[in-house]
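Asks: Output the structure for:
(one chain, ligands or ions: 1)
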Amino acid sequence: MSFNNNNNDEEKAEFVIGRHPALETLKNNQNINKVFIQDQLKADALLEIASIAKKRKIIVNKVPKGKLDLLTDNQNHQGVVVAVAAYKYETLDGLLALAENEQKAPFFLILDGIEDPHNLGSIMRTADAAGVQGIIIPKRRAVQLTSTVAKTSTGAIEHVPVVRVTNLVQTVKLLKKKGVWIFGTDMEGTDFRRWNAQGAVALVIGNEGKGISPLLKKECDELLTIPMIGHVQSLNASVAASLLIYQGFTSRGN
Ligand SMILES: C[S@@+](CC[C@H](N)C(=O)[O-])C[C@H]1O[C@@H](n2cnc3c(N)ncnc32)[C@H](O)[C@@H]1O
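Replies: Sure, this is the predicted structure:
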C-alpha cells in the first residue's frame, strides 16, 4: 500500500500499523526507519514499543493522531506506526538453502496470483504456525508484501520468507527437477484428507476468482480437493489454504 508522503524519509517506507504488528516488527526487523507514536495517548503497549525502540536506537516521533490517520489512510492504527524499509524478499536459491540448513524436507507454498492482501497475510499467519518454510508468489498480477499484508499476518511476515518470481511455471519445473513434489488444489481431485505430504512438497493455491492457471495445473503432480457438500462453489482461498496446510502439517508427523 502506498501513501502520499512528501517527506523523502517516508517515501520508500512501508508502514506497519497497530500495536501487535509494531511490537513484532521491533523485535525482529532490522530495516526499521522510524517509529511514530500518537502523542498524549497512554497505553502500556505504546510505552513498551517506545522503550524497545529507544534500546535499539531507533528514532521515535511523537505525532498528533491526524498524522497517523494520514499515514495509514485512516486505518485502525492504535496509536502506532512503524516505518520500515520495503519488505525484503528471499531468492529461490536462498529458500532452498534455508530448507537444507534446517535439515528438513522442503514444505513450500506457491500462490498463483492471490490478489487480496488480507488473504496473503492470513495465509502467511497459518504458514508460520504450521512450519511452512517459504512462500513463492509471482511478481505480476498478485498482491506483494504491503503493510496490510504485514498487519494481517500478525508478525508472520518476519518469519516466513517470500520469493518473488517472474514465471511460476518455470519455477515449478525447476523445483520438480530438485525433487519437490507439486500438489495443486482444485474442485476436482484427490480428497485432501488422504494427502501424505511427507518428503519435499509444494502446495499450490489459486487465485481468488480464477483458481490455478491451466498451464500451472498441468505441471502439478497431483490435485487435491477439500470435499464440499453445501451450496457454495468453493472456499475462500486463505481458508482452503489453512485446511490444506494443516493436512500437510499432520501428515508430516506433527
Ligand atoms: C475461491 S477459490 C477459486 C475458485 C475458482 N473459481 C476455481 O474453480 O478454481 C481459490 C483457491 O482456493 C482453493 N480452494 C478453494 N476451495 C477449494 C476446495 N474445495 N478444494 C481445494 N481447493 C480449494 C484453491 O486453491 C483455489 O484455487
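Asks: For stretch 109-118, buried residues please.
Replies: L109, I110, L111, D112, G113, I114, D116, P117, H118 (16 or more other C-beta atoms under 10 Å). Placement of C-beta: from N, CA and C, glycine included.
Asks: Any idea what the fourth one is bridged to?
Replies: Partner residues in beta bridges with D112: G206, with DSSP bridges as the criterion.
Asks: I am assuming it contacts P138, so please confirm or correct that.
Replies: Yes - with contact defined as C-beta atoms under 8 Å, D112 reaches P138; the gap is 7.2 Å.
Asks: Mutual contacts of those two, please.
Replies: Taking C-beta atoms under 8 Å, 6 or more residues apart in numbering as the criterion, D112 and P138 both touch L168.
Asks: so how far is G121 from K210?
Replies: 21 Å (C-beta to C-beta, to the nearest Å).
Asks: Write out the residues of the chain neighbouring the ligand.
Replies: Contact residues (C-beta under 6 Å from any ligand atom) of the chain with the ligand: 185-187, 205-206, 208, 211-212, 225-226, 228, 234-235, 237, 240.
Asks: give me that answer again for 5 Å
Replies: For the chain, the residues in contact with the ligand (C-beta under 5 Å from any ligand atom) are T185, I205, G206, G211, T225, I226, S234, L235, A237, A240.
Asks: Those residues in strands, which ones?
Replies: Among the residues of the chain next to the ligand, the members falling in strands (DSSP state E) are T185, I205, G206, T225.
Asks: rewinding a little: between K210 and G121, who's got more neighbours?
Replies: The residue with more neighbours, out of K210 and G121, is G121; 24 against 10, by other C-beta atoms under 10 Å.
Asks: Please report the distance of that one from I17.
Replies: From G121 across to I17, the span is 12 Å (C-beta to C-beta).
Asks: Which neighbours do the two have in common?
Replies: Taking C-beta under 8 Å, 6+ apart as the criterion, G121 and I17 both touch A150, K151.
Asks: what's the spacing between V165 and A130?
Replies: Taking C-beta to C-beta, one finds V165 at 22 Å from A130.
Asks: A45 too?
Replies: As judged by C-beta to C-beta, A45 and A130 stand 27 Å apart.
Asks: One more: D69?
Replies: Taking C-beta to C-beta, one finds D69 at 36 Å from A130.
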